[in-house]
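Trainee: sequence below, structure please.
(chains A and B)
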Amino acid sequence: MNAPDNSMVHLSIILFTAVFTDNILLARFLGMCSFLSVSRQVKTAVGLGLAVVFVMTFTIALDWIAYRYILQPYAIEYFRFILFIVIIAAFVQFVEMALERFSPVLYQNLGIFLPLITVNCAILGASLFMVIRAYGLAEAVVFGFGSGIGWMLAIIAMAGIRERLNNARIPKGLQGPGITLVIAGIMALAFIGFTGVLSGR
Amino acid sequence: MVLLLIPIAIVSAVGALLAAALVFAERVITNYGDVEVDINGGEKRFTIRGGGSLLENLTLQKIFIPSACGGRSTCGYCKVKVTEGAGPLLPTEEPYLDDAERKAGVRLSCQVKLRNSLRIEIPQELLTIKEYQCTCEEIIDYTYDTKQFRLTFLDGQRMKYTPGQYVQLLSPQYEKSPEEVYRAYSISSDPADETAIELIVRRVPDGICTTYMFDYLKEGDKVRINGPYGHFYLRETNVPIIFIAGGSGIAPIKCMLHHMQNTKNPRKSIFFFGVRSTKDLFLVDEMKAFEETVRVFKFVSVVSQPEPDAKWDGVTGRVTNAASDYLDKQPDAQQYEGYLCGSPGMIESSVQVLAKFGIPEDRIYFDKFS
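Mentor: Here you go, the predicted model:
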């Protein structure tokens, strides 16, 4: 295994790529369910987005540790799906409990979205990409953080558009999920404009 | 073989470890200690381990708040007024509460967590509603289509209720009905006896619950009811009373008469009991007996279409006409309070008659069959 390149330049490239070029939501279309259902208001979108950033950053670190020190030594990498899911679920549960107990304000703004995140495929997706790309710990954390930010950006943008759509006249057949998916597609096209700007693999 | 087992053991071990850590964390972190819930300013109080939702803890205390979704914040039925200690309104509750409710402190009890002591307000009727297991002790045939069922509460349970209220009886699954249904029946028995209730039920053709009660329920069978419900009860005033009931609508009136007898109520009262033919008449002797025991009470049975061969020497015609004739002779007719129980048609025409004599609508109380 190559020693990971931990220079600032390399890490910022990973960050930029994760946020824009290779946005986990718009380029990979992961985490669609909560993206479609919780993007009606900017306020809730921000809450869910922050929760995703937080959970993604920490679970990717935990998953990296589990992968490096449990799965790799015993050569049972093929169990990563199960193990990652279990770790994510446990972590989310734990954070929810802790938030509820120690910070009611934060819980009110963030905590109620946590159960939604347990089943968010973007979280698992980020951990699996980290394995495929053979990131080191620092790279993985930056990648997780960046993916979270990218996901948050996308859902806030979507919520902003949908808030304005409330006043728009939409043909009946397109209302609801229809128009939302069309918008998601157009947004993805826009993000494709970043392709080739930097490739941080 | 071993090669196969080791990886499974490792993954299981990690899972078990995480589960154990979570259980431990739940013990430590979500231990909110004991919290006290105060209902209606001290009327009822209980102390319980914090952490759970208000709804589930109220249910544990046998206080049944209506809820259809099982605490997932999708039905919006479990509204409870929390005057102290609820914390901020959650986004999950917002869609179900209007401005007036928010101002009044109404919350969805499935979303309110017990973190600290709470003061809440619950409508009185929800506090007294309970579920009762009963034995069907006795079934009496009153007419060809009307029976009285006496239900005795099991396990020493007692029911306190206001005379005129009703209970809901569970008709279980049986061969004519694949589902359980609840149907409402007024209590007809003496409220002084809290260990049993009596219901007077008239058979509804093809009715799910009455078919069960008439054709399947036997003396000695177990029955489940809940209650008491309803706002049909005697108001505490001194004005004279006119009762009008048709058929099994006699049930809540009978209960009220027992109560008037028990409390030596001095109010002047008259009861017009209407049926179609003489073979529909029942409980006449019992009602006549109330004339002796209730201070100033008169009972008039009215038959609208007596059989030609029946020797009916009582009042003939519609029960509303009989009531109208009576009120016509009362100089204080507009003073009366009206208590009506029967079919929607009977209630509507009775209300019209009472209104004709100047009895305002807010002094006419009724229990409409539907």
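
Trainee: got the residues of chain A near chain B?
Mentor: For chain A, the residues in contact with chain B under the definition C-beta under 8 Å from any C-beta of the partner chain are A:44, A:47, A:66, A:70, A:74, A:76, A:79, A:82-83, A:86-87, A:90, A:93-94, A:97-98, A:100-101, A:104-105, A:108, A:112. The way it works is simple: take the backbone N, C-alpha and C, and place the C-beta from them, glycine included.

Trainee: buried residues in the helix or strand of chain B with the lowest mean pLDDT?
Mentor: Among the helices and strands of chain B, helix B:124-128 carries the lowest confidence by mean pLDDT, DSSP states H and E, at a mean of 77. Along helix B:124-128, these residues count as buried under the neighbour rule (16 or more other C-beta atoms under 10 Å in any protein chain shown): B:T128.

Trainee: do stretch B:86-94 as well
Mentor: Of the residues in stretch B:86-94, B:86-87, B:89-91, B:93 count as buried by neighbour count, 16+ other C-beta under 10 Å.

Trainee: for my notes, confirm A:L114 occurs in a helix.
Mentor: Yes. Assessed by DSSP: H, G, I helix; E, B strand; the rest coil, A:L114 belongs to a helix.

Trainee: that one against A:M97, yeah?
Mentor: No. Checked against C-beta atoms under 8 Å, the pair A:L114 and A:M97 is beyond contact range at 9.7 Å.

Trainee: looking at these two, which one has more neighbours?
Mentor: More neighbours surround A:L114 than the other of A:L114 and A:M97, with 23 against 20 (other C-beta atoms under 10 Å in any protein chain shown).

Trainee: burial of the closest residue to that one other than its chain neighbours, as a residue count?
Mentor: With C-beta to C-beta, 6 or more residues apart in numbering or on different chains as the measure, A:E96 is the residue that lies nearest to A:L114, at 4.5 Å, once sequence neighbours are left out. The criterion is other C-beta under 10 Å. On that basis, A:E96 has 22 neighbouring residues.

Trainee: now A:E96: which helix or strand?
Mentor: helix A:80-102 (DSSP states H and E).

Trainee: helices and strands around the next helix or strand after that helix, which ones?
Mentor: Taking DSSP H and E as the definition, the helix or strand that follows helix A:80-102 towards the C-terminus is helix A:104-109. With contacts taken as 3 or more C-beta pairs under 8 Å, 6 or more residues apart in numbering or on different chains; DSSP states H and E, helix A:104-109 sits against helix A:80-102.

Trainee: can you tell me which residues contact the most centrally placed residue in chain A?
Mentor: Central residue of chain A (C-alpha atoms, centre = their mean): A:G148, 3.9 Å from the mean position. Under the criterion of C-beta atoms under 8 Å, 6 or more residues apart in numbering or on different chains, the contact partners of A:G148 comprise A:49, A:52-57, A:126.

Trainee: redo that, cut-off 7 Å
Mentor: With C-beta atoms under 7 Å, 6 or more residues apart in numbering or on different chains as the criterion, the residues that contact A:G148 are A:52-53, A:56-57.

Trainee: and these, which is closest to B:I200?
Mentor: Ranking those by separation from B:I200, with C-beta to C-beta as the measure, puts A:V52 on top at 62.5 Å.

Trainee: what about the closest one, neighbour count?
Mentor: Once other C-beta under 10 Å is used to define contacts, A:V52 is seen to have 30 neighbours.

Trainee: please apply the same query to B:E175.
Mentor: Here the number of neighbours of B:E175 (other C-beta under 10 Å) works out to 7.

Trainee: one more: B:T211?
Mentor: A count of neighbours around B:T211, defined by other C-beta under 10 Å, yields 18.

Trainee: one more: B:S12?
Mentor: B:S12 sits with 12 neighbouring residues when counted by other C-beta under 10 Å.

Trainee: gap between it and chain A?
Mentor: 10 Å (C-beta to the nearest C-beta, to the nearest Å).

Trainee: with B:V167 instead?
Mentor: Distance of B:V167 to chain A, given as C-beta to the nearest C-beta: 39 Å.

Trainee: quick check: buried residues in stretch B:261-268?
Mentor: Applying a neighbour-count criterion of 16+ other C-beta under 10 Å, one finds B:261, B:265, B:267-268 buried in stretch B:261-268.

Trainee: per-residue pLDDT, the closest residue to B:V315 other than its chain neighbours?
Mentor: In space, not counting the residues next to it along the chain, B:V315 is nearest to B:V302; the distance is 4.7 Å by C-beta to C-beta, 6+ apart. At B:V302 the predicted local distance difference test score is 94.

Trainee: contacts only, for B:V302.
Mentor: With contacts taken as C-beta under 7 Å, 6+ apart, B:V302 has the following neighbours: B:272-274, B:315, B:317, B:319, B:322.

Trainee: next secondary structure after the helix ranked longest in chain A?
Mentor: For chain A, the helix that runs over the most residues, judged by DSSP state H, is helix A:137-165. In the C-terminal direction, the helix or strand that comes right after helix A:137-165 (DSSP H and E) is helix A:177-192.

Trainee: would you pull up how far stretch A:99-114 lies from the middle of the chain?
Mentor: For stretch A:99-114, the distance from its own C-alpha centre to the chain's C-alpha centre is 19 Å (C-alpha atoms, centre = their mean, to the nearest Å).

Trainee: now do it: distance from first to last residue.
Mentor: The first and final residues of stretch A:99-114 sit 10 Å from each other (C-alpha to C-alpha, to the nearest Å).

Trainee: kindly report the same for stretch A:107-127.
Mentor: Terminal residues of stretch A:107-127 are spaced 25 Å apart (C-alpha to C-alpha).

Trainee: ok, and what's touching it?
Mentor: Contacts of stretch A:107-127 from elsewhere in the structure, counted by C-beta under 7 Å, 6+ apart, are A:24-25, A:28, A:30-31, A:34, A:38, A:47-48, A:50-52, A:55-56, A:59-60, A:63, A:84-85, A:88-89, A:92, A:95-96, A:99-100, A:143-144, A:147, A:151, B:88, B:90-92.

Trainee: mind listing which of the contacts of B:V302 are in strands?
Mentor: Counting by DSSP state E, the members of the contacts of B:V302 that fall within strands are B:272-274, B:315.

Trainee: A:V141: neighbour count?
Mentor: Applying other C-beta under 10 Å, I find that A:V141 has 20 neighbouring residues.

Trainee: quick one, strands of the stretch 1-150 of chain B?
Mentor: Ranges of strands in the stretch 1-150 of chain B, per DSSP state E, counting those that start in this stretch, are B:34-39, B:44-49, B:79-84, B:106-108, B:118-121, B:130-143, B:146-153.

Trainee: mean confidence (pLDDT) on the fourth one, please.
Mentor: Think strand B:106-108. When pLDDT is averaged along strand B:106-108, the result is 91.

Trainee: helices and strands around that strand, which ones?
Mentor: Identification of packing neighbours for strand B:106-108 by 3 or more C-beta pairs under 7 Å, 6 or more residues apart in numbering or on different chains; DSSP states H and E yields strand B:79-84.

Trainee: switch to 10 Å and redo it
Mentor: Strand B:106-108 is packed against helix B:54-60, strand B:79-84, strand B:118-121, with contacts defined by 3 or more C-beta pairs under 10 Å, 6 or more residues apart in numbering or on different chains; DSSP states H and E.

Trainee: same deal with the longest one?
Mentor: The elements that strand B:130-143 packs onto, with contact taken as 3+ C-beta pairs under 10 Å, 6+ apart, are strand B:146-153, strand B:166-171, strand B:196-202, strand B:222-229.
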